[in-house]
Structure formats: C-alpha cells, structure tokens
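K.L.:
Build me a model:
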Amino acid sequence: MNGRVVGGRYELATVLGQGGMGQVWTAYDTRLDRRVAVKLLSPAALTGPRTAADELRRRFVRECRVTAHVDHPGLVTVHDAGSDGDDLYLVMQYVDGADLADHLAEHDPYPWEWAVCVAAQVCSVLAAVHAVPIVHRDLKPRNVMIRPDGSLTVLDLGVASVLDSDTTRLTHTGEPIGSPAYMAPEQAMGGAVGPRTDLYALGVLLHELLSGNVPFAGSTALGVLHRHLHEPPLPLRQVRPEVPEALEALVLRLLAKDPADRPSGAHEVYEALLPLLPARGTPSGPMDPTRPFLRPHAPWPATPRPPEVRPPVQAPARPPSAPPAAADPRISVADRPPAPARAPRGADVAGAVEEVKRLLGEGALTQAVDVLGGILPAAAAEHGEDSPVVRILRKQYASTLLDDGQYRR
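P.N.:
Numbers count the residues shown, from 1 in each chain. Presented below is the predicted three-dimensional model:
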C-alpha cells in the first residue's frame, strides 16, 4: 500500500500503528507538501453488512465534522475526512514526539510532579472536548503524545461518541468502545457514557504514571472489566509514600465506581491539581511536561549541536548507520527524520537520486528530504562513508533540509 494516494492528494508512506479500528500512516499532502497522519478505517470490517457500512460512512463524516470544531492547542488538528474506495480516511496533523506510554517507560519511576502536569494538560483538553459535547471514550497513554517542548497532544477522537441525541455512535448499539484497562464501569456494561467516563480513564492514567501499573490488570479482558466493576483501587501512597495525600485522594475520586461520586467535570479536576503544579525551577530536559507551566509560551528547547567528528583518511566501509540527524543520542525525537517516503530496494542509490530529482522538480521538498535520509545508510554501506557518491548525497540532503526550512536538522 506504500505509495497509495488517498483522496487524490495524500500519499501514504509508512505505517505508524494499527489496531481493531484500522491503520494510521504517515503520509504527504501532495498539494501543500507537508507531512500528515492518515487514519484508514474499513467499514465492512467493523460492521459486516454493506448497509451498515454505508450508514457508518455517513456517521463517520458527520462526527469528524463535529470533532473538527474543537479548537484547542492540546488536541490533534483534523485536516480532512472522507472515503476512498472501501475505506474511510481521516487526515490529521502529524505530531512530533513520543507517546506517553513510551515516555513513562523511559522515566521510571515517573516524577509525581510530571504526572500532575500531564493530568492538568489533559484536563484542559477534556474541558474543551466535553463542551462540544463529545466524550473521548478511549483516553490512554498511547493516545497522548508528548512533544519536545513538554506540551501534550491528545489523539484519536475517531471513536468518540457525540452526546447530541440525534447523533448515533460509531458502533453497534450497546457495544463498548475503548481499551479494557482504562474503561469505566458504566462503559464496560454498555451503558450511557458522559464526561465523567473520561475522568475515570484519566484516573487510570494518573494511577499508572504514579505507580507504574494500571490499577486493574488481568489475563483476559473479561477479568479486567470484572475488577473495574467490583474491586477497589490500591491507594497510591501504599506503593509511593512521596505522593501527596491530596493527589492520592483525587485519583481515588476519579476511580469511583459510581459516576456521581467522581468530580463534576474536568474543570474541577484541574482546580484540584492547581495547588500541586510546580511553581519554580527549571525544566529537567527535553519532553519535560512541567515546561509549559514553568516557562509558558517559551520557544521549543534548542537541540544541542553534535560535535564535529572528522573521519580518518581511507576509513573502511561501515555497516548501515542512521542519517546524521539521528546519529547523536542528544538529538530530540522531533529532529529525527521519519521513515523514508519510498524505501529504495537494496542500495538502489541511482533510483533514489532520480526519485529525488523528480520530487524536487515537483516542489515536494519534504518527501525529498525523507528519501535522501533513507538512502544515505545504504549508500554509505555500498560505497563507503568518504566516497564521492555519499558526499554528494550528504550535500544534497543538507541543501534540501535548508530549502525545506528544517534548519536544526
């Protein structure tokens, strides 16, 4: 499917992820020469009968229009939506950074101040989403991206339920949508959902950030849902005594079985988090979620320049290595080039060069950058790091990066 053009303008490049709801691809908007993310859904796979698929198609476009009206910097921007052949597609902003699950794995244990700042940013997004009114229904770490400046972006409103009485869910009646580990009891039972359903998922997320584990786990989805319905969560201070009592109490309220026992809304949760937000100090590094509160509206953190290393004369050929922008571990995720637009077969350097010429002729600078970044390791392995071919490719790579405005890389 690599190279497929969706909607007449979005050229698919590489798969970012996939699940029961479909696939997410990196893609290029050939009209505006920008990188985007495209989510593909198959109505037939989700619903079965053709008539149900047609109805899902209409509802999907309608709900995407509603979602696109949510205006918040912490919510991924929707650029376009529609159908292409048998697939539905949603075109979204491409977000640089790492998802919260990976961020948690890299920082264990997660500082409780970080968890507070993550929750506060998510509350800000949920307040805007619930005002539409929309319920996210699938809030979890994989659906929250943390960017190099520490700000968060919430993803995947594609499974959201619009609360208006005349709008039907993107699912069979009574069929729950979401991930079992983060699913509120009322959602697990197929009952009515509302803003407090998302607050329960926020409580699960906070518990996971602070303890390293979700409050209810199990070997089967049914076992997990049973625990959500019948077991009390473990108080956080039993596993992390340094967690403030007020934060532990808030998480327990968010995880209440009865929605009426949870906070009234995201605004109330934010107000409860406000006294716990950091008031002074400096961010500890890239992708520090305290940064938006310590340095509001500050420029993104600068990437340190890697030291210049001059290779020895007649250096032997080395195995494939990453392009220059990703070679130094201090370079943030945002500065690492994505997967190449069209991964050349083997070490087809000549083919890649022709492809780059074509893309530059069409003004597709972003795609040209990715093709060059993708062919450099193969070219270095075949011809050697100091060969004229590799030097020419590196010069072209640098020149194209400059033309595309990617000055830091």
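K.L.:
alpha carbons only for contacts and neighbour counts from here, please
P.N.:
Fine.
K.L.:
Could you report the separation of residue 150 from residue 74?
P.N.:
Using CA to CA, to the nearest Å, one gets 11 Å for the distance from residue 150 to residue 74.
K.L.:
Looking only at neighbour counts, state which of these two leads.
P.N.:
residue 150 (24 against 21; other CA atoms under 10 Å).
K.L.:
residues touching the more buried one, list them.
P.N.:
Counting by CA atoms under 8 Å, 6 or more residues apart in numbering, residue 150 makes contact with 286, 287, 288, 289, 290, 291, 292.
K.L.:
In three-state terms, how would it be classified?
P.N.:
Three-state assignment for residue 150 (DSSP: H, G, I helix; E, B strand; the rest coil): coil.
K.L.:
Distance check, it against residue 93.
P.N.:
Per CA to CA, residue 150 is found 18 Å from residue 93.
K.L.:
now swap in residue 155 and tell me
P.N.:
For residue 155, the distance to residue 93 equals 10 Å [CA to CA].
K.L.:
ok, now residue 196?
P.N.:
If you measure residue 196 against residue 93 using CA to CA, the figure is 27 Å.
K.L.:
higher neighbour count, these two?
P.N.:
Using other CA under 10 Å as the criterion, residue 196 and residue 93 rank with residue 196 on top: 24 against 17.
K.L.:
In which helix or strand does the more buried one reside?
P.N.:
In this assignment (DSSP states H and E), residue 196 forms part of helix 195-211.
K.L.:
And that helix, how far out from the chain middle?
P.N.:
Chain-centre distance of helix 195-211: 18 Å, with CA atoms, centre = their mean, to the nearest Å.
K.L.:
Please name every helix or strand in contact with it.
P.N.:
helix 112-130, strand 134-135, helix 245-254 (3 or more CA pairs under 8 Å, 6 or more residues apart in numbering; DSSP states H and E).
K.L.:
same question for the first one, mean pLDDT?
P.N.:
Confidence for helix 112-130, expressed as mean pLDDT, is 96.
K.L.:
With stretch 27-43 instead?
P.N.:
Averaged across stretch 27-43, the pLDDT comes to 89.
K.L.:
buried residues in that stretch?
P.N.:
When burial is assessed from 16 or more other CA atoms under 10 Å, stretch 27-43 yields the following buried residues: 27-30, 33-43.
K.L.:
Look at residue 387 and say how many residues are nearby.
P.N.:
If you count neighbours by other CA under 10 Å, residue 387 ends up with 15.
K.L.:
Excluding covalently adjacent residues, which one is nearest to it?
P.N.:
Residue nearest to residue 387 in three dimensions, not counting chain neighbours: residue 380, with 7.9 Å by CA to CA, 6 or more residues apart in numbering.
K.L.:
tell me which element the residue sitting nearest the centre point of the chain is part of?
P.N.:
Centroid-nearest residue in the chain: residue 145, 4.2 Å away (criterion: CA atoms, centre = their mean). Secondary structure from DSSP H and E places residue 145 in strand 144-146.
K.L.:
List of residues touching stretch 76-86?
P.N.:
6-7, 42-44, 57, 61, 64, 67-68, 88-93, 95, 153-155.
K.L.:
one more time with 6 Å, if that's ok
P.N.:
By CA atoms under 6 Å, 6 or more residues apart in numbering, the surrounding residues in contact with stretch 76-86 are 7, 68, 88, 89, 90, 91, 92, 93, 153, 155.
K.L.:
swap in stretch 5-13?
P.N.:
The contact list for stretch 5-13 (CA under 6 Å, 6+ apart) reads 2, 3, 4, 26, 27, 28, 29, 30, 84, 341.
K.L.:
Quickly name whichever of these is closest to residue 222.
P.N.:
Among the contacts of stretch 5-13, residue 26 lies closest to residue 222 (CA to CA), at 33.8 Å.
K.L.:
Parallel or antiparallel, list what pairs with whichever strand in the chain runs longest.
P.N.:
Ranked by number of residues, the top strand in the chain under DSSP state E is strand 10-19. Next to strand 10-19 in the sheet, as set by DSSP bridges, lie strand 5-6 (antiparallel), strand 22-29 (antiparallel).
K.L.:
what are the C-alpha coordinates of the longest one, in CSV please?
P.N.:
Extracted as CSV, the C-alpha positions of strand 22-29 are listed here (Å, rounded to 0.1, in the frame of the first residue of the first chain):
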residue,chain,number,x,y,z
GLY,A,22,-7.8,0.5,11.4
GLN,A,23,-4.3,1.7,10.5
VAL,A,24,-2.5,5.0,11.0
TRP,A,25,0.0,6.0,8.3
THR,A,26,2.5,8.8,7.8
ALA,A,27,1.6,10.5,4.5
TYR,A,28,2.3,13.5,2.4
ASP,A,29,-0.2,16.1,1.4
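K.L.:
quick one: that strand to chain centroid distance?
P.N.:
Taking CA atoms, centre = their mean, the mean C-alpha location of strand 22-29 is offset from the chain mean by 12 Å.
K.L.:
Next, the angle strand 22-29 makes with the helix or strand following it.
P.N.:
Moving toward the C-terminus from strand 22-29, the next helix or strand (DSSP H and E) is strand 34-41. Angle, strand 34-41 to strand 22-29, by axes from the mean of the first three to the mean of the last three CA atoms, to 10 degrees: 150 degrees.
K.L.:
ok, and what's touching strand 34-41?
P.N.:
22-28, 87-94.
K.L.:
quick revisit: helix or strand right after the helix holding residue 196?
P.N.:
As assigned by DSSP H and E, the chain's next helix or strand after helix 195-211 is helix 221-230.
K.L.:
Identify each buried residue in that next one, please.
P.N.:
Residues of helix 221-230 classed as buried by neighbour count (16+ other CA under 10 Å): 224, 225, 226, 227, 228, 229.
K.L.:
Include pLDDT when you put those residues into a markdown table, please.
P.N.:
Formatted as a markdown table, the buried residues of helix 221-230 follow (pLDDT from 0 to 100):
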| residue | pLDDT |
| --- | --- |
| 224 | 93 |
| 225 | 92 |
| 226 | 93 |
| 227 | 94 |
| 228 | 93 |
| 229 | 94 |
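K.L.:
What is the nearest of these to residue 387?
P.N.:
Ranked by distance to residue 387 (CA to CA), the buried residues of helix 221-230 are led by residue 224 at 57.6 Å.
K.L.:
can you map out the helices along the stretch 201-350 of the chain?
P.N.:
Assigned by DSSP state H, counting those that start in this stretch, the stretch 201-350 of the chain shows helices spanning 221-230, 245-254, 266-273, 291-294, 324-327, 349-361.
K.L.:
Could you check the angle the helix holding residue 196 makes with helix 266-273?
P.N.:
Counting by the same axes, to 10 degrees, helix 195-211 lies at 30 degrees to helix 266-273.
K.L.:
Nothing else from me, thank you.
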